[in-house]
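Asker: Predicted model and sequence follow; I will ask about them next.
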Amino acid sequence: MTFGDIMAQLQRMDAHLDTLFTELYQVNIHVSRIARWQALEASPPPPLVGSDSEAEDDDDVEKLLAYVEQEPSKSMRDALLPSVKALITNKLLRHAEMDVKVSVLSCIIEIVRITAPDALYKDKQMKVSFQLILAVIEDMSNVSTSSYKKVVSILDTIANVKLCLVMLDLECNALVVEMFQSFLKIIRSNHPPTVLSAIDIIMNLVIDESEDISLGLLSSLFAIVRKANQNVSPISWTLGEQIITRINAQLEKIMAPTQKLPSKVE
C-alpha cells in the first residue's frame, strides 16, 4: 500500500467519524426530548429525519449505539454523555409501557458495552438498571411480543460483556436470586438458541465468580429440580441440574462434605 493509499484511507475514516458524530448528536437531541416529553407528559417529539414512526425512532437510537465500538475515544465518550444522562431518568426507567422500557434498557446496555470496563453510571443507577433487566426478563415468556428480539439482543450483550458480574460487585444478592428464578421460570424450548446460550453463560458466570452460594439461590435450584418438575418443565429441570453440578465443588466452602449436593437428582 502506498503512502497515498494510506492517506486516502485515513481521510475516508475521518469522514466516517464525522458522519457518526453527527448521527450521535441527533440521537442525543432526540433522547433528551423524549425524557423532557415524559417529564412534562406533553405530545411525543417528532421522529428523527427519515423515520416514519416513534417505534422506528427508538430503533434508530439503538442501531446507532450498537454501531459504536468498545473503548471509544474521549470525543466519542463526550458525545455519548447527554444520552447517558437522559436514559437514566425515572420517567423512562419506570415507564408503564414495556416496549419503552425495553428500548431504554437496550440503549443503556449498549452504552455499558461501549464504555466497559469503565462505568459511566453510578452504583445506584446500575442497581435500578438491573431491576429493569429483571422486569424485561419476566416478559420473555411471550415470544410473540413486539420487543422480544430486542430482549434477546439485551441478554446476549449482558452475557458477552459479563455485565452480570457487576451485580456481584454491588452485592445485589437478592437481585441475583430473582434473576435465577426468572430464568428458570421463563426458559422454554420455543426460545431460540441465542437465549438458551445467553442464560447458560450468565448463570455459570455468576456461579463461577461467587464467593459463596446464598440460601435463596439454593432454594430456587432445589425447587426447580424436584422430580415432579422434570416432566412439567424439562428444560428448566435440566438447567437447574447442570447448575447444581457446576456449583457442587464450590458448595464445599460453605457446607460440610457430607452435605454436598449430589451431582444427580434422584
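Answerer: All right, it came through fine. Numbers count the residues shown, from 1 in each chain.
Asker: Check whether A159 really touches I201, as I assumed.
Answerer: Yes. Between A159 and I201 there is a contact at 4.1 Å, judged by CB atoms under 8 Å. All C-beta spots, glycine's among them, are computed from the backbone N, C-alpha and C.
Asker: neighbour-wise, which of those two wins?
Answerer: Using other CB atoms under 10 Å as the criterion, A159 and I201 rank with A159 on top: 20 against 17.
Asker: Please list all residues in contact with the more buried one.
Answerer: 197-198, 201-202, 205 (CB atoms under 8 Å, 6 or more residues apart in numbering).
Asker: quick one: S144 and S219, what's the gap?
Answerer: Using CB to CB, to the nearest Å, we find S144 at a distance of 32 Å from S219.
Asker: Between those two, which has more neighbouring residues?
Answerer: Just comparing S144 and S219: by other CB under 10 Å the higher neighbour count belongs to S219, 12 against 6.
Asker: Helix or strand: which one has the more buried one?
Answerer: Using DSSP states H and E, S219 maps to helix 215-224.
Asker: Point out the other helices and strands that that helix packs with.
Answerer: Judged by 3 or more CB pairs under 8 Å, 6 or more residues apart in numbering; DSSP states H and E, helix 215-224 is in contact with helix 173-186, helix 234-247.
Asker: Please list the residues outside the first one that contact it.
Answerer: Read that as helix 173-186. Helix 173-186 is contacted from outside by 127, 130-131, 133-134, 137-138, 140-141, 164, 167-168, 199, 202-203, 206, 214, 216-217, 220-221, 224, 236, 239-240, using CB under 8 Å, 6+ apart.
Asker: gap between S233 and V136?
Answerer: Distance of S233 to V136, computed by CB to CB: 21 Å.
Asker: got it, and D118?
Answerer: On the measure of CB to CB, D118 and V136 end up 24 Å apart.
Asker: One more: L105?
Answerer: Distance from L105 to V136, by CB to CB: 6 Å.
Asker: who touches both of those two?
Answerer: In terms of CB under 8 Å, 6+ apart, L105 and V136 are both contacted by the residues I154.
Asker: Compare S233 and V136 and say which is more crowded by neighbours.
Answerer: Neighbours were counted for S233 and for V136 using other CB under 10 Å; V136 has more, 22 against 17.
Asker: That one: what's it in contact with?
Answerer: The contact partners of V136, by CB under 8 Å, 6+ apart, come to 98, 101-102, 105, 151, 154.
Asker: could you redo the last one with a cut-off of 6 Å?
Answerer: Each residue near V136 by CB atoms under 6 Å, 6 or more residues apart in numbering is listed here: 102, 105, 151.
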